[in-house]
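>>> 3D, please:
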Amino acid sequence: MPSEVFLWELRASYKAPPETRIKKLLKSAGLSKAVHNGDLTAVKIHFGERGNTGYINPQSIRPIIALLRKIGAKPFLTDTCTLYAGQRGDAVSHSLLAADHGFDPNIIGAPCIIADGLRGEYEVTVPFDGKYLEQAHIAAMIDSADAMVVLSHFKGHASAGIGGAIKNVAMGCASRRGKMLQHNISLPVVHPKKCKGCGLCVCLCGSGALSLDDDKRIVLDGSRCVRCGACFHVCETHGIGINWQESGSEFCKRLAEHAAALLQRRRKPVLFVNVIRDVTPECDCVPYSDAPLCQDIGIAASLDPVALDKACLDLVNAAQPIYPSKLPEGIVPGMNKFFAVHPSVPEDYGLQYAQDIGMGSLSYTLKRI
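Below you'll find the predicted structure:
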């Protein structure tokens, strides 16, 4: 049986302003099944990298937070530390960036909590019987939340092809160790010539895998490394780096498995909301936002992340392309826009595999509200 995906195409009026439309969208999509009175509710969102302007406008989520509070829930906005060094690599910097981008709890009505701790180490490890993953590492505060709503900006991504509901759950809800698993990073890469011998990474490494040699250069004992990724962020000179070499097809499947591991632990359904506006070719993790690939389409919601991402992909592909943009010449409605921009990823972006492992259905019925 096809899954239901609900779409608001951004039409509004005096009698039905955006706030009313968004509330109707969420209620139609199954909010009452996902969130109940008293629930500590994780609202997963991407706060945007500094310099990026494509992330979800914080003002647009106020009606969502208001609705959650009206039914008696206790929502909090949340994200996790990045694997790479940057403004979102630790909880303090990440929280300040969120506030700078307008995610102010006094205005929005919900606090911002970084779910995997100060340095991405606060996690829950769960077993998973997958083809690629034997376990998943989930941000602990997301794992312990009573309910969950996932707000995703639907756009492109250099490694996954698309960034939607599945990627937001997979990578966005993982601890630093979980992110390493999905990128299939076996060990950190040491660059001794870049090391300045400060020893910060040595002090931080709880497993004793790092040390300094007689020349004050970093040394890695791979047999002791627990692949927590904490050393990446503390090194200001990139003496320890990340090996990003990965297969696009395998990466998408690893994403799907890590997301499935999280969703299998949820005691209630999760409500997924994809914002199909400012459909940029790259992720909100990059420090800029390129021109969109098509016009704004709307906001879609579903209890099925696979159906939701597939519906959004179909809507973007059906839309008239915008030029100038990163799209190559000759793209017409019906062609795969994200694949044209990121041809190294699988054309189905791992959605077939997500269906195969039971995360959801590629078959959907689109209902406009």
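
>>> Please name every helix or strand in contact with the worst-scoring helix or strand of the chain on mean pLDDT.
In the chain, the helix or strand scored least confidently by mean pLDDT, DSSP states H and E is helix 230-234, which has a mean of 76. Helix 230-234 sits against helix 200-204, strand 240-241, with contacts defined as 3 or more C-beta pairs under 8 Å, 6 or more residues apart in numbering; DSSP states H and E. Where C-beta positions appear, they are placed from N, C-alpha and C, glycine not excepted.

>>> Try it again at 10 Å.
helix 176-183, helix 200-204, strand 240-241 (3 or more C-beta pairs under 10 Å, 6 or more residues apart in numbering; DSSP states H and E).

>>> So what's the gap between that helix and the chain middle?
20 Å (C-alpha atoms, centre = their mean, to the nearest Å).

>>> The chain should start at 22 in everything you say after this.
From this message on, residue numbering opens at 22, which makes the last subject helix 251-255.

>>> Show me which parts of that helix are buried, residue by residue.
Buried positions in helix 251-255, judged by neighbour count with 16 or more other C-beta atoms under 10 Å: 251, 252, 253, 254, 255.

>>> contacting residues for the first one?
For residue 251, the contacting residues are 102, 110-111, 139-142, 197-198, 209, 222, 225-228, 261, taking C-beta atoms under 10 Å, 6 or more residues apart in numbering as the criterion.

>>> Could you single out the nearest of the residues you listed to residue 157?
When the contacts of residue 251 are compared for distance to residue 157 (C-beta to C-beta), residue 198 wins out at 9.6 Å.

>>> what residue ranges in the stretch 122-271 of the chain are flagged as low confidence?
For the stretch 122-271 of the chain, applying pLDDT under 70 flags the ranges 207, 254, 265-268.

>>> so what's residue 69 closest to, chain neighbours aside?
residue 76 (3.2 Å; C-beta to C-beta, 6 or more residues apart in numbering).

>>> And the contacts of the helix or strand where residue 376 lies?
Assigned by DSSP states H and E, residue 376 belongs to helix 372-377. The set of residues external to helix 372-377 that reach it, using C-beta under 10 Å, 6+ apart, is 152-153, 182-183, 185-187, 191, 270-271, 273-278, 280-281, 325-328, 330-331, 334, 367, 369, 371, 380-384.

>>> Please convert the buried members of those into PyMOL selection syntax.
Entered in PyMOL, the line below selects the buried ones among those, by 16+ other C-beta under 10 Å:
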select buried, resi 153+182+183+185+186+187+191+271+273+274+275+276+277+278+280+281+325+326+327+328+330+331+334+367+369+371+380+381+383
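
>>> Sort out which of the contacts of helix 372-377 are in helices and list them.
186-187, 191, 270-271, 273-278, 280-281, 326-328, 330-331, 334 (DSSP state H).

>>> tell me which residues in stretch 106-114 are buried?
106, 107, 108, 109, 110, 111, 112, 114.

>>> whoops, I mixed them up, stretch 156-165
Under 16+ other C-beta under 10 Å, the buried positions of stretch 156-165 are 157, 158, 159, 160, 161, 162, 163, 164.

>>> cool, stretch 235-252 as well?
Those buried within stretch 235-252 under the rule 16+ other C-beta under 10 Å are 238, 239, 241, 246, 248, 249, 250, 251, 252.

>>> tell me how far the ends of that stretch are from each other?
20 Å (C-alpha to C-alpha, to the nearest Å).

>>> and it, how far out from the chain's middle?
Counting by C-alpha atoms, centre = their mean, stretch 235-252 comes out at 28 Å from the chain centroid.

>>> and what of stretch 316-336?
Per C-alpha atoms, centre = their mean, the centroid offset for stretch 316-336 relative to its chain is 15 Å.

>>> And the average pLDDT for it is what?
On average, the pLDDT along stretch 316-336 is 98.

>>> one step back: could you list which of the buried residues of stretch 156-165 belong to helices?
161, 162, 163, 164.

>>> Quick check: closest non-adjacent residue to the third one.
Put plainly, it is residue 163. residue 136 (4.5 Å).

>>> Quick check: the one you found vs residue 166, distance?
Residue 136 sits 8 Å away from residue 166, going by C-beta to C-beta, to the nearest Å.
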